[in-house]
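Colleague: pasting the structure only:
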């Protein structure tokens, strides 16, 4: 005669242990998926900025200057949240469609992408080099409002835009 009885099911302790292990594993997987999604959105943002730089260079080549800002955004910046981000690049076929941030523009009238064309000599920059643009990403998910490691940065004697945006660049017309 055996002391142990044969049972056809699991004990409550065994079920709770299995459920807790599954919960722990699923939370680890979800956390890593969210991190991967954030990296993918940041990669899209950087790709958008690269496309914008190319489109701005093509615009400069055709028209002899960068497009002006639309003054409709926050603090006179042309922003991606209003659906009219650097419209001349789209209307002149330098970009296939209006570019916007993959997630941070939703419900944000200021948008996450910023563009402004400054006149020659603006912010103390060398006026002999002509007008210039500043293009940036206000916030990246990797760095928040801190400086992104791939940011080229942009500054003039009277202003450093890198301190205002996570990723920023600029270019003179001359």
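Modeller: Perfect, I can see it now. All values derive from a computational prediction rather than experimental measurement.
Colleague: so the residue nearest to the spatial centre of the chain is in which element?
Modeller: Nearest to the mean C-alpha position of the chain, by Cα atoms, centre = their mean, lies residue 45 at 3.9 Å. For residue 45, the host element (DSSP states H and E) is helix 12-63.
Colleague: which element follows that helix toward the C-terminus?
Modeller: Assigned by DSSP H and E, the successor of helix 12-63 is strand 78-79.
Colleague: From the contact counts, what lies against that following strand?
Modeller: On a contact count with 3 or more Cβ pairs under 8 Å, 6 or more residues apart in numbering; DSSP states H and E, strand 78-79 meets strand 113-118. Heads up, the C-betas are built off the backbone N, CA and C, glycines and all.
Colleague: what packs against the strand it packs on?
Modeller: helix 12-63, strand 78-79, strand 132-137.
Colleague: For the worst-scoring helix or strand of the chain on mean pLDDT, which strands pair with it and how are they oriented?
Modeller: Lowest mean confidence among the helices and strands of the chain (mean pLDDT, DSSP states H and E): strand 78-79, at a mean of 86. In the sheet, strand 78-79 lines up against strand 113-118 (antiparallel) (DSSP bridges).
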